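Visitor: Attaching a predicted model along with its sequence, questions to come.
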Amino acid sequence: MLELTNLSKTYNQHQIFKGLNLAVPTGEILTIVGPSGIGKTTFLKIIAGLLAADEGELTLDGQSLALDGQRKGADVGVIFQDFNLFPQYTVLENITLAPRLVNRLNAIASERAAKKLLGELDLLDQQNQYPFELSGGQKQRVAIARALAMQPRILAYDEPTSGLDEASTERVIQIINDLQEQGVTQLIVTHDLPFVEALDSRILDFAQFTREARNDV
Amino acid sequence: MDYLLQILPSLLEGLKMTIGIFGLTLLGALPLGVLVAMGLRSDIQLLRWLMNLYISVMRGTPLLLQIVFVYYGLSMANIATLPRFEAALVTFILNYAAYFAEIFRGGLQAIPKGQYAGAKVLGLTRWQTMRYVILPQVVKVVMPSVGNEVINLVKDSSLVYVIGIGDLMRAGNIAAARDVSLVPYLLVGLLYLMLTVLVTAGMRHIETRLNYYR
């Protein structure tokens, strides 16, 4: 269970949100929708530990996670809108880098785990290619594999279907559903409504959510 | 031809010195440049200010003047008396590190913020992020500019003649004055050209090897 209490964030003296409370049960898919510029990505970045919140607490299965933007570890895996793959490394190296450096896995163990993920995501043929050689959909799946390799408890996606064709979007939907069956909690920021409808998710209208929180405070 | 063979040994002796100054300067200035570039991006304002001052002074005054200052000036002011070679080397390293630092600063700025974010959510420390994610990309970005500076260094090394160091240029000067001939200078020019052609080929080779990704 992911629990967020009293989350507030101001940016450039502009209050983006205040007093947000949210609980996401383990294994749930939460899609966060709403117009651009209302702070969905900011919200996601705070949960991912990339941005500091002004106030608030985050617990994951009862364990507190820092919201000061200085969090260590990889409890929350992130699939960025532009993937942020490391261009100088092959697909396989992108996936094994963090398990080797952070979890101290040896080359054999990290590659075995990576290849299992690549197999599940239909990427074995691409394992020795560099990111610039991949299509958008393939990059997306590499980004998912790279995040999963760290066995995060939460997976957060920022606009995962932007720039993807229909077939790749289908594939992403299938992966998200598979991960749900494996019990991975997933947070998805998107404004692609057909994509949201194709998922078995709880939908959070971020505009309404922040408005109600403000009124409650 | 006989004349060429006659002056060649002394010129080659000078060439050795030139290559020595060139190599040792690179060895010192490249790592120092990385450190200064990191200082330029430090959270400590005083450090940033000092690094900027250092770069301004080094880039804003002639290298020739700096060599004279370090060799004669420091000694006259009773600060330190450095032997010729060491004085030249210190000056070259300080001067070139400033130029390299500016190049590296630009290289660091060219790396998208998303690369840092991508590394952070995977749990990499700041040091691991620098070492394994950012710096390898910076090397590729800065290679052409570093190559330019390295070629400049080959030629700039001739400035050490001003404090009487026996480099290639000085060997040429001596032979030309002694024999009242321009031939030694021609040979000196050819040797510098050979050196820069070699260095250019080396830099190209490195750039090509880094071209495996985009």
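Guide: Cool, got the structure.

Visitor: Could you check how many residues crowd around the closest residue in space to residue B:138 that isn't next to it in sequence?
Guide: Computed as C-beta to C-beta, 6 or more residues apart in numbering or on different chains, the closest residue to residue B:138 that is not its neighbour in sequence is residue B:107, at 4.1 Å. Where C-beta positions appear, they are placed from N, C-alpha and C, glycine not excepted. When counting by other C-beta atoms under 10 Å in any protein chain shown, one arrives at 22 neighbours for residue B:107.

Visitor: Let me see the domain layout of chain A.
Guide: Per automatic domain parsing, the domain ranges recorded for chain A read A:1-75+A:167-217, A:85-151.

Visitor: All the strands of chain B, residue numbers only.
Guide: Secondary structure of chain B (DSSP state E): no strands present.

Visitor: make that chain A, sorry
Guide: A:2-11, A:14-24, A:29-33, A:55-60, A:63-65, A:76-79, A:154-158, A:185-189, A:202-205.

Visitor: quick one, which of these is nearest to residue B:98?
Guide: Each of these has some distance to residue B:98 by C-beta to C-beta; the shortest is strand A:2-11, at 37.0 Å.

Visitor: What is that closest one packed up against?
Guide: strand A:14-24, helix A:40-48, strand A:55-60 (3 or more C-beta pairs under 8 Å, 6 or more residues apart in numbering or on different chains; DSSP states H and E).

Visitor: Contacts made by that strand with the rest, please.
Guide: A:15-24, A:26, A:39, A:42-43, A:46-47, A:51, A:53-60, A:67, A:154, A:185 (C-beta atoms under 8 Å, 6 or more residues apart in numbering or on different chains).

Visitor: Would you mind listing what in chain B touches chain A?
Guide: With C-beta under 8 Å from any C-beta of the partner chain as the criterion, chain B comes near chain A at residues B:112, B:114-115, B:117-125, B:128, B:132-133, B:136-137, B:140, B:212-214.

Visitor: Mind giving me the ChimeraX command for buried ones among those residues?
Guide: A single ChimeraX command selects the buried members of these (16 or more other C-beta atoms under 10 Å in any protein chain shown):
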select /B:115,117,118,119,120,121,122,123,124,128,132,133,136,137,140,213
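
Visitor: Show me the residues of chain B next to chain A that map onto helices.
Guide: Taking DSSP state H, the ones among the residues of chain B next to chain A that sit in helices are B:114-115, B:117-121, B:128, B:136-137, B:140.

Visitor: what bits of chain A have low per-residue confidence?
Guide: Across chain A, the ranges flagged by pLDDT under 70 are A:216-217.

Visitor: From residue A:89, how far off is the nearest residue to residue A:95 once chain neighbours are set aside?
Guide: Nearest residue to residue A:95, sequence neighbours excluded (C-beta to C-beta, 6+ apart): residue A:114, at 4.1 Å. Distance from residue A:114 to residue A:89, counting by C-beta to C-beta, to the nearest Å: 12 Å.

Visitor: More neighbours: which of these two?
Guide: The neighbour count for residue A:114 versus residue A:89, taken as other C-beta under 10 Å, is higher for residue A:114 (26 against 18).

Visitor: Okay, the more buried one and chain B: tell me how far apart.
Guide: From residue A:114 across to chain B, the span is 13 Å (C-beta to the nearest C-beta, to the nearest Å).

Visitor: Show me what from chain A comes close to chain B.
Guide: Counting by C-beta under 8 Å from any C-beta, chain A sits next to chain B at A:48-50, A:72-74, A:76-78, A:80, A:82, A:84-88, A:97-98, A:101-102, A:130-132, A:146-147, A:150.

Visitor: Grab the most central residue of chain A for me.
Guide: Note on chain A: the residue nearest the mean C-alpha position is residue A:156, at 1.7 Å, using C-alpha atoms, centre = their mean.

Visitor: what's the burial count for the closest residue to that residue other than its chain neighbours?
Guide: Nearest residue to residue A:156, sequence neighbours excluded (C-beta to C-beta, 6+ apart): residue A:187, at 4.6 Å. Residues lying near residue A:187 (other C-beta under 10 Å) number 25.

Visitor: what does the one 4 residues further on give?
Guide: Residue A:191: 16 surrounding residues under other C-beta under 10 Å.

Visitor: got it, and residue B:2?
Guide: 5.

Visitor: next one: the one 3 residues further on
Guide: Using other C-beta under 10 Å, residue B:5 has 8 neighbouring residues.

Visitor: now the residues of chain A next to chain B: which count as buried?
Guide: Buried among those by 16+ other C-beta under 10 Å: A:48-50, A:74, A:76-78, A:80, A:84-88, A:97-98, A:101-102, A:130-131, A:146-147, A:150.

Visitor: Return the subset of the residues you listed lying in helices.
Guide: A:48, A:97-98, A:101, A:146-147.

Visitor: could I get these as a markdown table with distance to residue A:126?
Guide: Formatted as a markdown table, those follow (distance: C-beta to C-beta, whole Å):
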| residue | distance to residue A:126 |
| --- | --- |
| A:48 | 26 |
| A:97 | 16 |
| A:98 | 19 |
| A:101 | 22 |
| A:146 | 13 |
| A:147 | 17 |
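
Visitor: out of those residues, who's nearest residue B:149?
Guide: Nearest to residue B:149 among these, counting by C-beta to C-beta, is residue A:97 at 31.3 Å.

Visitor: Grab the longest helix from chain A for me.
Guide: From DSSP H, the single longest helix across chain A is helix A:166-181.

Visitor: how far does that helix sit from the chain's center?
Guide: Helix A:166-181 sits 14 Å away from the centroid of its parent chain (C-alpha atoms, centre = their mean, to the nearest Å).
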